[in-house]
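Trainee: Need a 3D model of the following:
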Amino acid sequence: MSAELTPKKAAIHLLENADDNITYEQIMYELHVLQKIDKGLSDIREGDVKSHDEVKKEFNKWLK
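Mentor: Model (predicted):
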C-alpha cells in the first residue's frame, strides 16, 4: 500500500464504507484486489515491468 493508505487503513476504510450486509467473501475479495493493485503499482515504481511485445512473445511460447 502507499504510505498514505496502509493495509490496515485500507481495511478500515473498506469496512466503514461497506453495506451492512457485506459478506466475508466480498470483504476478502475486495482486500485481495487492493493487494494486487498495490503490488502492480509497486512493480511499476521498481521498474519490474515488461513491454507489450515481450508479453506477446512469452504468450506465444505458452500456446505452442
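Trainee: and residue 49, how many residues sit next to it?
Mentor: Number of residues near residue 49 (other C-beta atoms under 10 Å) recorded here: 11. Every C-beta, even on glycine, is put in place using the N, C-alpha and C of the backbone.
Trainee: Assign the residue nearest to it when sequence neighbours are not counted to helix, strand or coil.
Mentor: Excluding the flanking residues, the one nearest residue 49 by C-beta to C-beta, 6 or more residues apart in numbering is residue 43, at 6.2 Å. Remark: residue 43 carries the secondary structure label helix [criterion: DSSP: H, G, I helix; E, B strand; the rest coil].
Trainee: CA atoms only for stretch 16-23 - export them in PDB, please.
Mentor: Extracted in PDB, the C-alpha atoms of stretch 16-23 (Å, rounded to 0.1, in the frame of the first residue of the first chain):
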ATOM      1  CA  GLU A  16     -16.600   1.700   7.200                       C
ATOM      2  CA  ASN A  17     -17.900   2.300   3.700                       C
ATOM      3  CA  ALA A  18     -19.400  -1.200   3.000                       C
ATOM      4  CA  ASP A  19     -23.000  -2.100   3.200                       C
ATOM      5  CA  ASP A  20     -24.100  -3.700   6.400                       C
ATOM      6  CA  ASN A  21     -24.900  -6.900   4.600                       C
ATOM      7  CA  ILE A  22     -21.400  -7.400   3.000                       C
ATOM      8  CA  THR A  23     -20.200 -11.000   3.300                       C
END
